[in-house]
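Trainee: coords please:
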Amino acid sequence: MGKLTMWRFIREQYQTIKPVQKVDLSGKTVVITGGNTGLGFEAAKHFATMNPTRLIIACRSLEKGNVALAQLSKDTGYTNAEAWSLDLNSFASVREFADRFERERGRLDVLVENAGIMGKSSYEKTADGYTPVSQTNNISPSLHTLLLLPYIIETAEKHHTIPRIVFVSSDVHFMSGMADGESERFANQPNMIDALSSVDYHNQVPEQMRYFDSKLLSVFFVRALQAHLPNSPSIVVNVVNPGYCYSGFRKGFSGFMAFFDYLMERFLALSTEEGGRQLVYAAVGGAGEEGKLKGGYVSFGEVIEPSDFSMSEKGLKLEEKYWTQLLNILKGADPRVKSTIERYLQN
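Mentor: Model (predicted):
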């Protein structure tokens, strides 16, 4: 069963981490969001050593993206990486990214939706009407994926390959409060996505729990998208747990949480590079086992069960509800989503 115990967590963190999975990416295109720092940058460096024809690093700041490109070139010798602007706090920015990809009409073999945020203690909404955590971690990556899906499917059909879409989640999805915790009543409201961006949700659900909830929603989206894709051409959509790693991601912690996280990092954390290996495995590993990887929760090079709640009748109903409401939002965010759904997805 999909349970996260302290013993399992410690055992995973202390295991010998498998070497990075290597494949030949010649002729192929890889897109990774949040690829200028942290896990995304380490994964991008690994991809660079596999010689993709194009490696697109999507990030909010082009200045920081270009710094990352210089470092990547220095570390790997790879010079074909590109930095593209993408602010997941803005539907307009996601549309602009898709517009550029459409103009350039390239193939797309690997899409890694890695970018994410922990959130802020103060309540705020984006211009599109959602909290930054909800939009950055869930809504915009889903929009980004559906806008790029036609090129992924076209690549599979034209080149007879099996492209992959990877969402980065975490074992913290096991601790989501949507099962029977603080978040449950918000998830159960008729419009759950609006409820999860409400001031009441922000004020009544702790910051860390809101992040945990967002990682459960990533599991839901991946499974639902895979279930609605046709069997042919074959596309793998999965969600990956990178493990607990050294990261600046939690730099906003203060007080007891900051001290607790310091101890956790000192005694249990994987290196950021080791975490990056997990993203790479989900994106290119397991050749010949694509069927097993489809819709799978990938953790340390294996497909395992996600949380018991996500597999329960209640969790599956919540997944269906989330999927339906999310698609309605995405169709309103960009009319291309509606045509993509009608052309490529099954009911």
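Trainee: for Gly34, give me its contacts.
Mentor: Contact analysis of Gly34 by C-beta atoms under 8 Å, 6 or more residues apart in numbering lists 40, 58-59, 114-116. Where C-beta positions appear, they are placed from N, C-alpha and C, glycine not excepted.
Trainee: take those and lay them out in CSV including distance to His202.
Mentor: CSV is the format used below for the contacts of Gly34 (distance: C-beta to C-beta, whole Å):
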residue, distance to His202
Gly40, 27
Ala58, 27
Cys59, 26
Asn114, 25
Ala115, 21
Gly116, 17
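Trainee: give me the number of residues near the closest residue in space to Ser121 that isn't next to it in sequence?
Mentor: Nearest in space to Ser121, with sequence neighbours left out and distances taken as C-beta to C-beta, 6 or more residues apart in numbering, is Glu207 at 6.2 Å. Glu207 is flanked by 16 other residues according to other C-beta atoms under 10 Å.
Trainee: wait, Glu207 sits on Tyr123?
Mentor: No: Glu207 is not in contact with Tyr123 according to C-beta atoms under 8 Å; the separation is 10.8 Å.
Trainee: tell me what Leu55 is bridged to.
Mentor: The partner list for Leu55 in beta bridges (DSSP bridges) reads Val30, Ala81.
Trainee: if I look at it, how far off is Met311?
Mentor: 35 Å (C-beta to C-beta, to the nearest Å).
Trainee: ok, now His159?
Mentor: Separation of His159 from Met311 (C-beta to C-beta) stands at 34 Å.
Trainee: check Thr131 too.
Mentor: 27 Å.
Trainee: then His160?
Mentor: Using C-beta to C-beta, His160 is found at 33 Å from Met311.
Trainee: what do you get for Gly288?
Mentor: In this view, Gly288 and Met311 are 26 Å apart by C-beta to C-beta.
Trainee: out of those two, which sits in the more crowded spot?
Mentor: Ranked by neighbour count (other C-beta under 10 Å), Gly288 and Met311 place Met311 first, with 17 against 6.
Trainee: could you look up the SS state of Tyr130?
Mentor: Following DSSP: H, G, I helix; E, B strand; the rest coil, Tyr130 is assigned to coil.
Trainee: surely it touches Ile139?
Mentor: Yes: with contact defined as C-beta under 8 Å, Tyr130 counts as touching Ile139 (6.0 Å).
Trainee: following the helix or strand bottoming out on mean pLDDT in the chain, which helix or strand comes up?
Mentor: Between all helices and strands in the chain, the lowest mean by mean pLDDT, DSSP states H and E belongs to helix 255-268, at a mean of 58. As assigned by DSSP states H and E, the chain's next helix or strand after helix 255-268 is helix 272-284.
Trainee: next one, pLDDT for Ala68 please.
Mentor: We note a pLDDT of 98 for Ala68 in this prediction.
Trainee: numbering from 210 from now on, please.
Mentor: In the new count, where the first residue is 210, that last one comes out as Ala277.
Trainee: distance check, it against Met327.
Mentor: 21 Å.
Trainee: more crowded one of these two?
Mentor: Neighbours were counted for Ala277 and for Met327 using other C-beta under 10 Å; Ala277 has more, 22 against 19.
Trainee: pull the number of nearby residues for the closest residue to the more buried one other than its chain neighbours.
Mentor: Among residues not flanking Ala277 along the chain, Asn245 sits closest, at 3.7 Å (C-beta to C-beta, 6+ apart). Burial measure for Asn245: 26 neighbouring residues, criterion other C-beta under 10 Å.
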